[in-house]
Every structure is written in structure tokens, then in C-alpha cells.
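Asker: Take a look and give me a structure for this.
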Amino acid sequence: MIQSLTSLEKQVIQLRQKKQEATKLRQKAENQVKQLRSAEKRSSSGLQTIDKKIESDREESVDVSNVLLRKNAQLESIGRLVATAEERLAKEKEAIDQIEQEIEFADGPIEKENAEARLHSLNNHVSELSEEIKMRQKTAKKISDEVTNFSDMQSKIASKIQKQTKSKPSLRKNKVSSHKAAQQFLKDLDRKIKAEESAQKLLENAYSKLKESSAQKKTAAKKRPAQKKTAAKKKSRR
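Answerer: Okay, the predicted model is just below:
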């Protein structure tokens, strides 16, 4: 009985250790699954974020393109207006040269006076055209600078989109690999859970036997004094 009880106690200790080891392995497998699922989630979230950024950048690129189209159209329009004004200015200057000759060779005061009046009017017109050309050229310079800035902005946006697009395959690969690994570890986790449950059942059975054997030992120990007394009474009667 003593040897049997000792054997059961050793068995319980061994099974308890196996159960603890099985629990550690199960917890380790759970942590691995959690880490892989977390990595998969991060990759998925990263892909969604990149898609949103690309969509946002594309919308911004369209807005910038529309602004560039409008600015370039303004430049072309101003260019045409400046060219027209310069043509008119050249003609006005030719007319001034002609009138100055008329003044020089005028036949009389009245003719000279009329020519001078026309010269004054032409000079005023030339001044107005020159001022108009300067203002339009100044405006064109400003718009040209804006076109350069928006072109740089569009180039940067295109570079961002390209960079973000290149990062997608890597994230997609990480997502797929994490998902596959997680599925494999889930199978391993299932085996670890079953092993832990099996170790728990064996431990419970061994512990139950130990309690039963211990109870039988205590009962037998209580019966011995009574048996000795009975044997002594029988011996004294003889």
C-alpha cells in the first residue's frame, strides 16, 4: 500500500509537470498566432491607408492639373494680347516717324499745328500701349511663376503616388505570408490545446487515484488498533 501510494504521488508530480509544459507550449502557440494575426492586420491596414492616400493624391493631382490648364490658358491669352499690343505699338511708332517728317516739311502753320496735334495724340497712345504691355508682361511673369510652382507640386504628387504604389506589393506579400503562417500555427495550436487537455485529464485521474489510495490507507490505519484489541481479548479468554 505504501509503495503504491508513493508511486501514485510520483506519477501526479510527473503529470503535473507535463501539464505545465503543455500549458506553456499552448500559450507560446497562442502568442505566435496573435503576433501573426497582428502582422496580417497591420499589413491590411497599411494597404488600406496607402489606397486612401493614393486616391487622395490622385484627386489632388487632378485639381492641380485643372489649375495648370487654366493658368496656361491665361498665359496664352496674355501672350496674344501682348503680341497684338506690340504690333499696334510698332505701327504707332511708324506713324509718329511719318508725322514728325510732316511737321518738319509742313507748308504752313495750320498744317504743322494739325500734325503736331496728331503727334501728341499718338504719343499718348504709345505711352498707353507701352504701359499696357508692361502690365500684361508683369501679370504673365506672375502666372508663369505660379505655373512653375504647380508643375513642381504635380511632379511631387506623381512621385508620392509612384512610391506608395511600389510599397503595395511588399505589404500584400507580408499580408499573405502572415495569413498562411497563422493558419499553420492555428493547426499547431489546436494540437497543443488537445495535448494540454489530455495532460489535464491524466493528471485528474492520477490525482483521483491518489486521493482514493490515501483514503484507503487512513481507513486501514484506523482498523488496525481495533483488530489488535479483538485479538488480545480472544487470547486472554483462553
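Asker: contacting residues around residue 72?
Answerer: Residue 72 makes contacts with residue 147, as judged by CB atoms under 8 Å, 6 or more residues apart in numbering. For the C-beta atoms, the positions are set from N, CA and C on the backbone; glycine is no exception.
Asker: Was I right to think residue 47 contacts residue 169?
Answerer: No - judged on CB atoms under 8 Å, residue 47 makes no contact with residue 169 at a distance of 10.2 Å.
Asker: shaky segments in the protein?
Answerer: 1-5, 218, 220-238 (pLDDT under 70).
Asker: picking that back up, so which of residue 47 and residue 169 has more stuff around it?
Answerer: Remark: of residue 47 and residue 169, residue 47 carries more neighbours, 16 against 9, as counted by other CB atoms under 10 Å.
Asker: just checking, next helix/strand downstream of whatever helix or strand that one lives in?
Answerer: Assigned by DSSP states H and E, residue 47 falls within helix 2-104. Per DSSP H and E, the first helix or strand lying C-terminal to helix 2-104 is helix 109-237.
Asker: How far off centre is that following helix?
Answerer: 7 Å (CA atoms, centre = their mean, to the nearest Å).
Asker: for stretch 58-74, same thing?
Answerer: Counting by CA atoms, centre = their mean, stretch 58-74 comes out at 27 Å from the chain centroid.
Asker: Quick check: buried residues in that stretch?
Answerer: Neighbour counts over stretch 58-74 (16 or more other CB atoms under 10 Å) mark 61, 64, 67-68, 71, 74 as buried.
Asker: ok, so of the residues you listed, who is nearest residue 36?
Answerer: residue 61 (36.7 Å; CB to CB).
Asker: OK, contacts around the closest one?
Answerer: Residue 61 neighbours (CB under 8 Å, 6+ apart): 154, 157-158, 161.
Asker: Distance-wise, check it relative to residue 142.
Answerer: 23 Å (CB to CB, to the nearest Å).
Asker: do residue 173 as well
Answerer: For residue 173, the distance to residue 142 - CB to CB - is 49 Å.
Asker: Residue 209 too?
Answerer: Applying CB to CB to residue 209 and residue 142 gives a distance of 96 Å.
Asker: got it, and residue 200?
Answerer: Distance, residue 200 to residue 142, using CB to CB: 81 Å.
Asker: Tell me which of these two has more neighbours.
Answerer: residue 200 (15 against 10).
Asker: Run a quick check on the more buried one versus residue 19, I expect a contact.
Answerer: Yes - judged on CB under 8 Å, residue 200 makes contact with residue 19 at a distance of 5.8 Å.
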